[in-house]
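K.L.:
sequence and predicted structure below; questions after.
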Amino acid sequence: MSEETVEIQEYLLSHMPRVVGRFLEEKPLPDMEGTVFTLRVAVKGEVGLTFGITVKDAKEITVHPEGLQSPMLSVEVSEDVFRHVTRQVARFVSRKQYDGVVEAKGTLRVEMEMPGGWVLPVTLTFNGAEQPSASIRGPAEVLARVVSGQLSGPEAFMQGKIKMDGDIVFLLSLAKFL
């Protein structure tokens, strides 16, 4: 096993649950009792690892090195950008977002334009459904404002700040929790 593989495994099994757990402990989420969020993370590239993550009641985090069957959300990302994506997992912070993920079905491809001219590609598959599908592309700072609720996705699109393609009804259904 390469040093990179061990580093990513250690990050997933030890560091990420501690970071997310500490974040949730410092900022407890109201109204999350009785919820279970499941996530499959596939790290593509030379390392090629798949892990599952379960978050129960927005408090208890379990990493499954063998992955998960039928997760609510699947994230596929290259190993080059893996740590950027894991930071976003820690920002999943409300019952509204949880309920939105539970209801969503389809695949969203996101291309974040990063400072320095490179693009961070992330594929989100909701509840195992490949279709409908859509894509969003835009500067990382604009997409961060959309995810944080500071700017609505449709508004960012209408202002030409982001580009959207694919199933518009699916995209609009995601707007209620992104």
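P.N.:
All right, it came through fine. Bear in mind that the values here come from a model prediction, so they are computed numbers and not experimental data.
K.L.:
could you list the low-pLDDT ranges of this structure?
P.N.:
Within the chain, the segments meeting pLDDT under 70 span 1-8, 80-94, 148, 176-178.
K.L.:
residue ranges of the helices in it, please?
P.N.:
For the chain, the helices defined by DSSP state H occupy 3-10, 16-26, 82-89, 95-103, 140-147, 153-158, 168-175.
K.L.:
export the fourth one as CSV, just CAs?
P.N.:
What follows is helix 95-103, C-alpha atoms only, in CSV (Å, rounded to 0.1, in the frame of the first residue of the first chain):
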residue,chain,number,x,y,z
ARG,A,95,-32.4,19.7,8.8
LYS,A,96,-33.5,21.5,5.6
GLN,A,97,-30.3,20.2,3.9
TYR,A,98,-30.8,16.7,5.3
ASP,A,99,-34.4,16.6,4.2
GLY,A,100,-33.4,17.8,0.7
VAL,A,101,-30.8,15.1,0.3
VAL,A,102,-33.3,12.4,1.5
GLU,A,103,-35.7,13.5,-1.2
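K.L.:
tell me which residues in that helix are buried?
P.N.:
Buried positions in helix 95-103, judged by neighbour count with 16 or more other Cβ atoms under 10 Å: 97-98, 100-101. All C-beta spots, glycine's among them, are computed from the backbone N, C-alpha and C.
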